Each structure stands twice: as structure tokens, then as C-alpha cells.
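Engineer: Fold the following for me, if possible:
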Amino acid sequence: MSWWSRLTGGKSPGESRPQRINYLNEALALERQGDYAAALTSYRLALRDKPDDYRVLQNMAIAYSRTGQLDEAVRCYRRALQLEPNLSGAHYGLAFLLIKRGEPDEARQHLTDFLARPPKGPESERWIKHARATLEGMESGNSVMDADNARVDDPVDAAGEPDRDEPGRGPESAGDGAPRPGQRTDSFGPGGDGSTSPRGGL
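Structural biologist: Model prediction:
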């Protein structure tokens, strides 16, 4: 390529354009490696490219939950629900964050919304049962979980599908009988953490 072509933005025939980075996929990969700080940076870059992408917001909420930044997680879930009100994974995740924060009335509404449009898939029944048991406990006045034991990560992905796009991974038990999505995948339920897909569907 001649210097004039380079100067004017031309390219030689064999030259290809640089590919855009898929920040969402990068963030998911970083999370799988346990690098949540770097994953959150990639999510922010993905959000810069698509400010109204509820999938990115939901996945950010999960990452914030895993790093103990619960206020930021709540903020991301709420923004995702503004964009996509039927996002079952966001309702589920937000409900348990609100329980942890001692806000049972709003948590109850999000559990109800989650159960009104539950995810589908082989592992989703586990999350549905957990949500039902929690809601029944709240309604009967018997707390199924106290604020210290509330589950804070969301097993569902943005589209009401399992957690994230990561095949072959699934939830772990929280030790308190509550299902806990320990790994991200993309094969089931409420938005992110099915037995084979904690965040399937993104």
C-alpha cells in the first residue's frame, strides 16, 4: 500500500478491517476465569456500545452480586427490567438481593413476577421451586431464608433463559437448600444458571 493510500484511509487488497471486539463474550470468558473486575470492565464497554442491552445489564448485575457490590447489582437489575419488564432472571435475582437488603415487600413482587413467567428447561423447576418456597415462607410469615442466607446471584439470563451462554456448566447448592448457580452456561431457566447453562440464552 502506498503512503498516500494509508494517509487517506485506503487499504491494500489483501488487508482486512480490524474486527470489533465482542465485549459481552469477553466479559463472560473473564467471569469463567474468575476475573470479575476485568469482566465488569468488559461489560461496561459492551454497555457503551449498546446502552440499552438488557442482557449486558443482567450479566453485570450477576457479576456485581458475586463481588459483593449489591447496590450496583440492584441498580443493573432495575435498569434491565425497565428495558425488558418480563425478564424472569432479573426478577429472580433482584428478589433475592432485596431479601438480603431487608426489603421483603418489593422482593415479594419480584418473586411473583418471576413465577408468572417462569423459565423453561430441564433445570428450571429447581429455581421455580426455590422461588415458590421463598414466597410461601414470606407470605406465611416464616422466613425461608434470613437476610444473611439470602441467595444473591441470579441463575437466569436476560431472556428468561438460563444464566449465560456457557454450555456444560450448572448450579451448585448454596448449602441452605437453595439452588445456587455456581457457573455460567447457556441451557436453562430463569436467566442464567441452569444445570447446564447458568446464563444460557444470551
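
Engineer: low-scoring stretches of this protein, by residue?
Structural biologist: By pLDDT under 70, the low-scoring segments of the chain are 1-20, 142-202.

Engineer: so where's the longest helix in it?
Structural biologist: Determined from DSSP state H, the single longest helix within the chain is helix 124-139.

Engineer: Send me that helix as PDB with only the CA atoms.
Structural biologist: Output of helix 124-139 as PDB, limited to C-alpha atoms (Å, rounded to 0.1, in the frame of the first residue of the first chain):
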ATOM      1  CA  SER A 124     -35.700 -24.600  35.700                       C
ATOM      2  CA  GLU A 125     -38.000 -26.500  38.000                       C
ATOM      3  CA  ARG A 126     -35.300 -26.200  40.700                       C
ATOM      4  CA  TRP A 127     -35.400 -22.400  40.500                       C
ATOM      5  CA  ILE A 128     -39.200 -22.300  40.400                       C
ATOM      6  CA  LYS A 129     -39.500 -24.500  43.500                       C
ATOM      7  CA  HIS A 130     -37.000 -22.300  45.300                       C
ATOM      8  CA  ALA A 131     -38.900 -19.100  44.400                       C
ATOM      9  CA  ARG A 132     -42.200 -20.700  45.400                       C
ATOM     10  CA  ALA A 133     -40.900 -21.900  48.700                       C
ATOM     11  CA  THR A 134     -39.400 -18.500  49.500                       C
ATOM     12  CA  LEU A 135     -42.600 -16.700  48.500                       C
ATOM     13  CA  GLU A 136     -44.700 -19.100  50.600                       C
ATOM     14  CA  GLY A 137     -42.400 -18.600  53.500                       C
ATOM     15  CA  MET A 138     -42.700 -14.900  53.200                       C
ATOM     16  CA  GLU A 139     -46.500 -15.000  52.900                       C
END
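
Engineer: Secondary structure element for residue 86, which one?
Structural biologist: Here residue 86 is covered by no helix or strand, with elements defined by DSSP states H and E.

Engineer: Distance check, it against residue 80.
Structural biologist: With the distance defined as CB to CB, to the nearest Å, residue 86 ends up 11 Å from residue 80. Backbone N, C-alpha and C define where each C-beta goes, glycine included.

Engineer: the more surrounded of the two?
Structural biologist: Each of residue 86 and residue 80 has its neighbours counted (other CB atoms under 10 Å); residue 80 has more, 28 against 13.

Engineer: What ranges does the chain have for its strands?
Structural biologist: With DSSP state E as the criterion, the chain has strands at 171-173, 179-181.

Engineer: which residues are in contact with stretch 64-82?
Structural biologist: Stretch 64-82 has contacts (CB atoms under 8 Å, 6 or more residues apart in numbering) with 31, 36-37, 40, 54, 57-58, 60-62, 87, 90-91, 93-94, 97-98, 100-101, 152-154, 158.

Engineer: Pull out the buried members of these.
Structural biologist: Buried by 16 or more other CB atoms under 10 Å: 31, 36, 40, 54, 57-58, 60-62, 87, 90-91, 93-94, 97-98, 100-101, 152-154, 158, out of the contacts of stretch 64-82.

Engineer: quick one: which of the residues you listed sit in helices?
Structural biologist: In helices, defined here by DSSP H, the members of the buried ones among the contacts of stretch 64-82 are 31, 36, 40, 54, 57-58, 60-62, 90-91, 93-94, 97-98, 100.
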